[in-house]
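Undergrad: my questions are about this predicted structure, shown below with the sequence.
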Amino acid sequence: MRMSEVKVYRVIGRIRKPNFKTVFRKEIRAVKPEDAVEEVYKLLGSKHRVKRFHIKIERVEVIEDPEEIRDPTVRFLTLGE
């Protein structure tokens, strides 16, 4: 059985709530893009009290080059391996 490789994904989208509209960009370490999207739903729901139907995911991209990672925690975890 082969171990799955952890990648870094950049999830870009919008929050559309009546009194709160913003664009977000989150970098997440995950095995699959679906896992990265699920983690973004959890983070935004817990920090901003946003329901899933208020979140519109526009794009999920794989970050191949570790130098492109902007989040310091994700960068440290990726380069420190």
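TA: That came through, no problem.
Undergrad: show me the shaky parts of the protein.
TA: Along the chain, the model assigns pLDDT under 70 to residues 1-3, 81.
Undergrad: got the residue ranges for the strands in it?
TA: 7-17, 20-30, 55-62 (DSSP state E).
Undergrad: between those strands, which one is nearest to L79?
TA: Closest to L79 of the strands of the chain, according to CB to CB: strand 7-17, at 10.5 Å. (C-beta placed from N, C-alpha, C; glycine too.)
Undergrad: check contacts around the residue nearest to V74 when sequence neighbours are not counted.
TA: Nearest non-adjacent residue to V74, counting by CB to CB, 6 or more residues apart in numbering: E27, 4.8 Å away. Going by CB atoms under 8 Å, 6 or more residues apart in numbering, E27 touches V8, Y9, R10, V11, I63, I69, R70, D71, V74.
Undergrad: re earlier: and the strands of the chain, which is most packed in?
TA: Among the strands of the chain, strand 7-17 has the highest mean neighbour count (mean count of other CB atoms under 10 Å), at a mean of 18.
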